[in-house]
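A.B. asks: What follows is a predicted structure for the sequence shown.
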Amino acid sequence: MNSSTERARQAILDVVAAIPRGKVMTYGAVARQAGWPRHSRLVGRLLSALPAEHDLPWHRVLAAGGRVALPEGSSAREEQLSRLAGEGIEAAGGRVSLREHGWQATVDDLDRWLWKIGDEN
DNA sequence: CAAATGACGGGGT
DNA sequence: AACCCCGCCATTT
């Protein structure tokens, strides 16, 4: 297995895991945040092949413009819409308002999460 | 090794 | 807004 790709995988999944409830990020934003610009396709590829046991908020990752990428009519899409609705994210017409729910992690946000700082603050 | 394949993105029409 | 087209990238044919 390719080492650099493996590092990218780790970084990308970390970013996805850090997206707060009620917030969303696009594939491109996740890739850039992970330090692998232009790798938006890789983000989608990884999310499409997640291990059976995972607690990643994959439903918070959307295509450019806030569009739900999963195929129309697929059960996976329904699952995503359901999960989004479950946390107050409206996806009318298969589209989420990035202005309302778009999230850009700050360095501090990531550090706080990575080191689990602020748990009792 | 060339071509095809995607949970993609951006610009142009 | 809806398409189309092309660039992008790891994998698979």
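C.D. replies: Arrived safely.

A.B. asks: Which secondary structure element is home to A:Asp55?
C.D. replies: Taking DSSP states H and E as the definition, A:Asp55 sits outside all helices and strands.

A.B. asks: What sits closest to it if chain neighbours are left out?
C.D. replies: Nearest residue to A:Asp55 in three dimensions, chain neighbours excluded: A:Ala17, at 7.8 Å (CB to CB, 6 or more residues apart in numbering). Yep, even glycine has a C-beta here, placed from its N, CA and C like the rest.

A.B. asks: Isn't A:Val96 up against A:Leu81?
C.D. replies: No - A:Val96 lies out of contact with A:Leu81 (CB atoms under 8 Å); the separation is 9.8 Å.

A.B. asks: quick one, which of those two is more surrounded?
C.D. replies: Neighbour count, other CB atoms under 10 Å: between A:Val96 and A:Leu81, A:Val96 has more, with 23 against 18.

A.B. asks: With that, I have no additional questions.
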